[in-house]
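# When you get a sec, could you give me coordinates for this:
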Amino acid sequence: MANKKRVLITGAAGFLGSHLCDRFMDEGYHVIGMDNLITGNIKNLEHLFHNEHFEFYNHDVSKFVHVPGELDYILHFASPASPIDYLKIPIQTLKVGSLGTHNLLGLAKAKKARMLIASTSEVYGDPMVHPQTEEYYGNVNPVGPRGVYDEAKRFQEAMTMAYHTYHGVETRIVRIFNTYGPRMRLNDGRVLPAFIGQALRGEDLTVFGDGSQTRSFCYVDDLVDGIYRLLHSDYVHPVNIGNPDEITIKEFADEIIKLTGTTQKVVYKPLPKDDPMQRQPEISKAKEILGWEPKVSRAEGLKITYDYFKGLSEEELNASEHYDFEGFIRK
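Numbering: from 1, shown residues only. Below is the predicted model of the structure:
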């Protein structure tokens with residue numbers, strides 16, 4: 001173990017966090033996962049528990065964080081990351097982006113560790129620039145229902161850059177665009193699991209608005225590879241990681257219907273407040289600096305993801321519960 005580099009991954013039981021744990025284990029690291037399991041699922045990590053080079057701490061990073069021993073890297077992925085989550089637990093969303101980031105940056109400073117934060121395309125808000133480049137400052141409503149997530153992430157970026165410039169902490173910032181793959185929660189409110197879950201349950205597919213809004217979906221393995229490359233790069237400013245292959249929500253619903261063979265129809269409901277109309281990453285920086293671009297086609301990634309969801313139990317397929325801040329199930 002003395003020869004292995006040590007990495008702390010917060011939000012380790014979540015969708016992205018658990019895939020990152022897998023990647024770093026595969027790369028020969030000693031991985032310390034941390035999660036308070038508000039939205040994460042410990043089942044995402046159970047396959048690692050037998051390994052002596054994996055540890056897990058059930059802890060809320062909004063409170064003081066202590067990890068014994070040396071640390072080489074910290075990846076801060078703890079945060080509610082879907083509309084249903086951050087609308088139900090808005091204060092915790094703000095706290096993990098602010099207090100949690102502050103605590104972890106302090107840990108990085110003390111341990112002389114390099115820290116990468118998970119920012120998001122949501123820092124661009126409902127963008128007036130298309131596609132979105134890293135230089136675009138965004139169009140965000142700070143007091144709207146989505147503001148708790150958008151502003152938590154914008155503050156997180158500012159705090160991270162301040163620790164880099166003032167304290168000399170080595171930092172990296174990834175702006176993540178829509179990502180999908182196995183271990184997503186069917187009930188997390190994001191469009192892909194929502195559509196597939198509705199198809200599997202025999203429900204109509206719900207499109208909010210007229211379906212003309214766009215998204216760009218990146219398969220999780222591609223995203224994790226981009227994050228891994230960014231962590232090991234020398235670039236300190238934000239980098240977009242996502243798939244620039246843009247599609248309308250209506251077209252995407254049609255793809256899901258074809259994939260799943262469902263006979264249900266598409267129904268339309270009003271668009272939620274401040275829901276972005278366009279989402280497409282400009283990834284020139286990722287290509288030039290990291291030598292990265294997505295490799296998995298949407299058709300290939302969707303098939304893998306659909307096969308994963310088809311393997312869920314009846315209980316998981318129909319789950320609607322949400323874990324609140326105290327750890328109790330709330331229907």
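
# give me the low-pLDDT residue ranges for the stretch 1-150 of the chain?
Applying pLDDT under 70 to the stretch 1-150 of the chain flags residues 1-2.

# Show me the helices in it, by range?
Applying DSSP state H, counting those that start in this stretch to the stretch 1-150 of the chain gives helices spanning 15-26, 83-88, 90-111, 147-167.

# Looking at those helices, which is nearest to residue 76?
The stretch from the helices of the stretch 1-150 of the chain with the least distance to residue 76 (C-beta to C-beta) is helix 90-111; that distance is 5.2 Å. From N, CA and C alone the C-beta is placed, and that goes for glycine too.

# Just want the angle from that closest one to helix 147-167.
When axes from the mean of the first three to the mean of the last three C-alpha atoms, to 10 degrees is applied, the directions of helix 90-111 and helix 147-167 differ by 20 degrees.

# Identify each buried residue in helix 90-111, please.
90, 92-98, 100-105, 107-108, 111 (16 or more other C-beta atoms under 10 Å).

# if we can go back for a sec, with residue 292 as the reference, name the closest of the helices of the stretch 1-150 of the chain.
helix 15-26 (13.8 Å).

# buried ones in the closest one?
Quick answer for helix 15-26 (16+ other C-beta under 10 Å): 15-25.

# try stretch 33-48
Applying a neighbour-count criterion of 16+ other C-beta under 10 Å, one finds 33-36, 38-41, 44-45, 48 buried in stretch 33-48.

# got it, and stretch 281-301?
Neighbour-count burial for stretch 281-301, counted by 16+ other C-beta under 10 Å, picks out 281-283, 285-286, 290, 292, 294, 296, 298, 301.

# Quick one: end-to-end distance for it.
Distance between the two ends of stretch 281-301: 18 Å, counting by C-alpha to C-alpha, to the nearest Å.

# So what's the model's average confidence on it?
Per-residue pLDDT over stretch 281-301 has a mean of 97.

# can you give me how far it is from the chain middle?
Averaged C-alpha coordinates place stretch 281-301 at 16 Å from its chain's average position (C-alpha atoms, centre = their mean, to the nearest Å).

# And for stretch 194-209?
Mean-position distance between stretch 194-209 and its chain equals 22 Å (C-alpha atoms, centre = their mean).

# Strands of the stretch 101-250 of the chain, start to end?
Taking DSSP state E, counting those that start in this stretch as the criterion, the stretch 101-250 of the chain contains strands spanning 114-120, 171-176, 179-180, 205-208, 214-216, 218-219, 239-241, 246-248.
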